[in-house]
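*Asks:* structure for the following, please:
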Amino acid sequence: EHKDAIDLFTEEFSPVSSMESGLLIVAENNWDLNDQTSSSSVKGGKTVIVFNYLTKEFFRYAHLNEVSVNKGELIMESENLGKVGNTGINASIPGHGSHLHLEINKYLSDKKINQYIRAENLKKRLNRLKSL
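*Replies:* Numbers count the residues shown, from 1 in each chain. Presented below is the predicted three-dimensional model:
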């Protein structure tokens, strides 16, 4: 249980679609359990981060099995980012289950910080998307 993210448990290799349009600022497909320097997030494993420059939000999708996009690309809402997996130190533990770790951080330009969106608000946003 996270206060700043949600884990969406689903079948491994399920497609992951972007919640929003934006710029891909991270698209790491090289995570290796035995190499602590293989990615910028040892815990997150194969990870994608989309920055929506209109809302100033960072969407982080972690524990992917496969990343199908490249850093620097502009992507549209609902575009495929990769597939669900169990990469990352904690997610790769047997029995932990295949899941997508999702978090959103909003850049507050007046304070020059990123502030996470609380897990309960993430769930509300996902439910709104599902109802469209």
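*Asks:* contacting residues for R128?
*Replies:* R128 makes contact with no residue under the criterion CB atoms under 8 Å, 6 or more residues apart in numbering. C-beta here means a position set from N, CA and C on the backbone, and glycine is covered the same way.
*Asks:* mind listing what's buried along the one helix or strand it maps to?
*Replies:* Here R128, judged by DSSP states H and E, is contained in helix 119-131. Judged by neighbour count using 16 or more other CB atoms under 10 Å, the buried positions of helix 119-131 are 119, 122.
*Asks:* quick check: mean pLDDT across that helix?
*Replies:* Mean pLDDT, helix 119-131: 87.
*Asks:* likewise for stretch 47-59?
*Replies:* 97.
*Asks:* which residues touch that stretch?
*Replies:* Contact with stretch 47-59 is made by 16, 18-28, 31, 39-41, 60-64, 67, 69, 75, 81-82, 102-109, 114, 117, as judged by CB under 8 Å, 6+ apart.
*Asks:* can you give me the strands for this structure?
*Replies:* With DSSP state E applied, the chain shows strands at 6-9, 15-17, 22-28, 46-52, 57-67, 74-75, 80-84, 99-108, 113-116, listed in chain order.
*Asks:* worst mean pLDDT among those strands?
*Replies:* Looking over those, mean pLDDT reaches its minimum on strand 6-9, with a mean of 92.
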